[in-house]
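# sequence? don't have it. structure:
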């Protein structure tokens, strides 16, 4: 995971650089775990009752049971475009006591299509809300994904 902000996440008023880095580490770590196929490490960053506006689902997901259901409904690997990388970037963090609001972009890269043609990346605008827990760590309590450019299609269809 990389941040294209040269000095790390932009910590707005109320967010110390330390808190901004810790909040960003939760998100970047989640994507690293996702790319490694480590579902337990992804889930460890989510509050069990977290809500999610997932880009692949219309209803608001309410907690881990809904997220698991959505995961089970997704197409099997190999039945669609193949993700080859995630790049989360341009983080902006606000902290209000024990609540953080993080805005960032996510670029999803895809392998070339079956015909060898390059695939267009997906660009997703995201907002995450995190809560600081008693141990000082942060957990995601809400994630909102907003696809701005669908990906995994031939780049020429842009």
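Cool, got the structure. Just so it is clear, the model here is predicted, and its values are computed rather than measured.
# Quick check: buried residues in the helix or strand containing residue 26?
Per DSSP states H and E, residue 26 falls inside helix 17-35. Under the neighbour-count criterion of 16 or more other Cβ atoms under 10 Å, helix 17-35 has 19-28, 30-33 buried. The C-beta positions use only the backbone N, C-alpha and C, and glycine is treated the same way.
# after it, next one along is what?
Note on helix 17-35: by DSSP H and E, the next helix or strand toward the C-terminus is helix 39-43.
# elements contacting that next one?
Under the contact definition 3 or more Cβ pairs under 8 Å, 6 or more residues apart in numbering; DSSP states H and E, helix 39-43 sits against helix 17-35.
# helices or strands up against the longest strand that the chain contains?
Counting residues, the longest strand found in the chain (DSSP state E) is strand 83-96. Counting contacts by 3+ Cβ pairs under 8 Å, 6+ apart, strand 83-96 is packed against strand 10-11, helix 17-35, strand 99-110.
# Nearest to residue 89, out of those?
strand 99-110 (5.4 Å; Cβ to Cβ).
# Distance from the chain centre to the worst-scoring helix or strand of the chain on mean pLDDT, please.
Within the chain, no helix or strand scores below strand 10-11, which has a mean of 81 by mean pLDDT, DSSP states H and E. How far strand 10-11 lies from its chain's middle: 18 Å, per Cα atoms, centre = their mean, to the nearest Å.
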